[in-house]
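Participant: Below is the structure, and that's it, no one-letter string:
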């Protein structure tokens, strides 16, 4: 299209803003779309365009505005909320919940809330409560469908479900897992090797594992950044080393799936792993990798995802077998929930 003059652009912006104020999303889009097509890239334009799209029920345009705003400011609260609305409207409830939580976090970081953002906070709070209620029902249905009877599980597992649903607050101490808290586990920094019957065999394979790793280090392309942005999810605010090769990993097993192409390079390592009671959680665990940190790189303090397993994806010995099966079924349920 022909380039817009400055006067034309200002007039379109004003008419679009007036249409938004009047609640006429379609009229506002008609005014603002030529500016977008002309390549105007200003936050105020995208805010008006996104609000016009919301009023008009055009989720595609609304999400386009949200993406443009978040590219400039990953903590823009209105854009985060729009992403939640669009994902919820598309039926992706897990993604919607992630965007709504990111909105709440962004709003909580503001020194004060103007009335418009207070209304946004109320909307997001109601949406989060609605999604949480559906999630809680899905957990109950999913566990039952997978043959898990809560009567066979320990009180600790039943309490973990109450915490996951938000019905009970977790009593946190040193353990602060990001995804799932199994209550009542001892606060132990280390376990003694004598507590694990498989430890001597694993230790005996150390030299063979080291030789396989040294051969792999000669091929840096095998190592990929350990932290990566998940498409369709909020950016990890404040996290360093995301998509950064300064901290990389070579995964033999990632999210429960073995890398067949690497198997020939690591026969001794994989043979040693085969004897271990690895935590098996569909599309989540185990994760077995070599981690490579470049000189000068620093990993931020953080907590793991699940406190029911040790850092190398072995079940904590205090978690009974029935609860292990229930936790596996729980995460299969969570990962099938859309």
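Facilitator: That came through fine. Nothing here was measured: the structure is a model prediction, and the numbers come from that model. Numbers count the residues shown, from 1 in each chain.
Participant: low-confidence ranges in the protein?
Facilitator: Scanning the chain for pLDDT under 70 picks out 1-2, 236-238.
Participant: Run through the helices of it in chain order.
Facilitator: 6-21, 25-37, 43-56, 59-72, 77-89, 93-108, 115-145, 155-165, 199-204, 206-217, 260-263, 267-274, 321-336 (DSSP state H).
Participant: What residues sit buried inside the second one?
Facilitator: Residues of helix 25-37 classed as buried by neighbour count (16 or more other C-beta atoms under 10 Å): 25, 27, 28, 29, 30, 31, 32, 33, 34, 35, 36. Every C-beta, even on glycine, is put in place using the N, C-alpha and C of the backbone.
Participant: Could I get the contacting residues of residue 40?
Facilitator: Taking C-beta atoms under 8 Å, 6 or more residues apart in numbering, we find residue 40 in contact with 4, 9.
Participant: Same check on residue 305?
Facilitator: 177, 178, 179, 180.
Participant: quick one: which of those residues is nearest to residue 47?
Facilitator: For those, the residue nearest residue 47 by C-beta to C-beta is residue 178; the value is 31.6 Å.
Participant: Contacts for the longest strand seen in the chain next, please.
Facilitator: Using DSSP state E to define each element, the chain has its longest strand at strand 247-254. Outside strand 247-254, the residues that touch it by C-beta under 8 Å, 6+ apart are 216, 222-227, 241, 258-259, 262, 266, 269-270, 273, 286-294, 297, 299.
Participant: Now with 10 Å, please.
Facilitator: For strand 247-254, contacts defined as C-beta atoms under 10 Å, 6 or more residues apart in numbering pick out 212-213, 216-217, 219-220, 222-227, 240-241, 257-259, 262-263, 265-266, 269-270, 273, 278, 285-294, 297-299, 313.
Participant: and these, which are buried?
Facilitator: Buried members of the contacts of strand 247-254, counted by 16+ other C-beta under 10 Å: 212, 216, 222-223, 226-227, 241, 259, 262, 265-266, 269-270, 273, 278, 285-290, 292, 313.
Participant: Report the buried residues of stretch 177-197.
Facilitator: Buried residues in stretch 177-197, counted by 16+ other C-beta under 10 Å: 177, 180, 181, 182, 183, 185.
Participant: now the end-to-end length of it.
Facilitator: In stretch 177-197, first residue to last residue: 27 Å (C-alpha to C-alpha, to the nearest Å).
Participant: And stretch 187-202, by the same measure?
Facilitator: This stretch, stretch 187-202, spans 25 Å end to end (C-alpha to C-alpha).
Participant: what's that stretch in contact with?
Facilitator: Residues outside stretch 187-202 that contact it (C-beta under 10 Å, 6+ apart): 173-175, 203, 209, 271-273, 275-277, 310, 312, 314, 316-318.
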